[in-house]
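Trainee: sequence first, then the predicted structure:
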Amino acid sequence: MLKAKSTITLTNGQTARVLQLLGQGGQGAVYSVDLNGKKMALKWYTHPAYTTNANFYHNLETNIRIGSPSPAFLWPEYLTQVQYGSFGYIMPLRPKHYVEFSRFLLAKERFSSMQALFSAAIHICNAFKALHSKGLSYQDLNDGNFFIDPNTGDVLICDNDNVIFHGANLGIAGKTRYMAPEVVAGALPDTYSDRFSLTVILFLLLYGNHPFEGERVLAQPCMRESDEKRFFGSNMIFIYHPTNSANRPVHGVHTNVIRRWSAFPSVLRNQFIEEFSHEKLYDNPQSRLIEAEWVRLLQSVKDNIVLCPHCRQETFVDDQNASRCVACGTLMQVKARLMLNGRNLPLVVGDRYQLADDIRFETVLSSTDNLLWLRNTGKCTWQVTTTKGEQRTLAPKALMPAKIGIQIQFNNNLKGEIH
C-alpha cells in the first residue's frame, strides 16, 4: 500500500504525488494523485498475480500506446515504473456524479427517466463497438465495470487493464454469472464471449434481475462450484425460455423483471429470447448479436418512449400506432410520425422531444382545429418545406402544423419528414 504524499515515477520520467486512498479490491488499490497539477486516479497492484506478471505489465504498455477506443473508457494513460515492489497505471478520475452500476441493481439509485435508462444501454453498446473495432476484447465484463450518470445515462467503464487483442489472454477468465458458457467450459475469452457478457449486462440494466437466476437457482440450498458451473455454464436456462419453464422468476423475489418483462416492447423481449437460446449459448456463439445491431434495436425502443397525455408517465407505443399506457392504461393514439436518419419518432400530444442539444420541440393539440402542432422549443431556426413545396422558416417558440408530407431541415445534418 502507498502512503499519502509519496511520489510515483512514471515510465516517461514524470512523477505523480499520492493524495489519498479511494478504494481497494482483490487486485489492489486506487488512489487519487496529482500529476502536473491535475487530479487523476492511480490503480496500484498489490496481488502477486499482477505484481510479478511481466506479460500483464507489457500489455498495459501496449494499451497505453494504442489509446482509448472511446471516451467512455477510463483508459490507462500513463504507466509507472516498477517501484515499492509493484507498479500501476494512471487514468482519468471518475466524476462524483457517476454512480456504481450495483447501486441501481440494489435499488439504492434510480434513473431519472426511461430515456436515461435506454441511453445508458446505448452508450455501453457503442463503447464496446469501438473497443471491438480495434481488434480488442475486454475478457472480464461484469457489473463492477460501470459507472453511470442517473440523469443522462452517460457511462464510464473502468478496470480496462485486462483488455487484450482478440485471440490472446492474460490468464483472466472473468467473473461467475457473467462468463460465456464456452469460457466456463475452459475456452479462452474473446470478442464473442464479450458479446454474451454484454447481453447479460444489458438484461440486468433494463430488467433489474439476472437472466439465469430464477426458481431453479433460488431452490439450491448451498451453491457449490459445481452448481455454479451448471447453472451459469453447461446447463443455462433463461428465466423466460419460451418452452422450458424450470427456471421462471419467483414472485416476491424477482419483482423487477416480472413487472418489466411484459411492459417493455416485444421486439426487446424477442431479442433476449434469441440471444439466450441454445443456439447462441452453445451451438453458434459467433452468431451473437453485434454491438451495432444492439444500438439500432435499443435506439428504436428509446424512440418509442412517450409521455402519456393522461398521467404524464413514460410509456411505450408500438408499431401499430396505438398502445395503452403501462402506468394508467390510457389508450394513446399516435397522430403522426417523424422520420429522420433512419429513426421513426411517434408524435403524441403533449410530449417533448430532443434531437440534439439545440434541437428540441414539443407537440400540442390545437384548440381551434383539433390538429397536432409542433412548437420549436430549441435554439435553431428550422427550414420547412410545405406539402405544396413552399419554403418557410420556423423560429424558436413558433408553431407549425404536423401535416403528413411536410419536410423539416433542422440543421445542415438533420432532415426529417412527417408521415
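Mentor: That came through, no problem. Residues are numbered from 1 along each chain as shown.

Trainee: C-alpha coordinates for the helix or strand harbouring residue 60, CSV please?
Mentor: In this assignment (DSSP states H and E), residue 60 forms part of helix 54-66. The C-alpha trace of helix 54-66 is given here as CSV (Å, rounded to 0.1, in the frame of the first residue of the first chain):
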residue,chain,number,x,y,z
ALA,A,54,5.7,-9.3,-16.9
ASN,A,55,3.1,-10.0,-19.7
PHE,A,56,0.5,-8.1,-17.8
TYR,A,57,2.9,-5.1,-17.5
HIS,A,58,3.8,-5.2,-21.2
ASN,A,59,0.1,-5.4,-22.2
LEU,A,60,-0.6,-2.2,-20.2
GLU,A,61,2.2,-0.6,-22.2
THR,A,62,0.6,-1.7,-25.4
ASN,A,63,-2.9,-0.4,-24.5
ILE,A,64,-1.5,3.0,-23.4
ARG,A,65,0.3,3.2,-26.8
ILE,A,66,-2.9,2.3,-28.7
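
Trainee: got the contact list for the helix or strand following it?
Mentor: Scanning forward in sequence from helix 54-66 by DSSP H and E, the next helix or strand is strand 78-79. Residues outside strand 78-79 that contact it (CB atoms under 8 Å, 6 or more residues apart in numbering) are 10-12, 14, 16, 35, 57, 60-61, 64, 87, 89-90. In short, each C-beta sits where N, CA and C put it, glycine included.

Trainee: select, from those residues, the two members most distant in space.
Mentor: Spanning the widest gap among the contacts of strand 78-79 are 35 and 57, at 19.7 Å by CB to CB.

Trainee: what helices or strands is the helix holding residue 60 leaning on?
Mentor: If contacts are counted by 3 or more CB pairs under 8 Å, 6 or more residues apart in numbering; DSSP states H and E, helix 54-66 sits against strand 78-79.

Trainee: select the longest strand from the protein.
Mentor: When the chain is parsed with DSSP state E, its longest strand is strand 15-24.

Trainee: packing partners of that strand?
Mentor: Strand 15-24 packs on strand 7-9, strand 28-35, strand 38-45, going by 3+ CB pairs under 8 Å, 6+ apart.

Trainee: may I ask which helix or strand of this structure has the lowest mean pLDDT?
Mentor: strand 322-324 (a mean of 76; mean pLDDT, DSSP states H and E).

Trainee: state the distance from the residue located most distally from the centre of the chain to residue 401.
Mentor: Most distant from the centre of the chain: residue 368, at 43.7 Å, with distances by CA atoms, centre = their mean. From residue 368 across to residue 401, the span is 11 Å (CB to CB, to the nearest Å).
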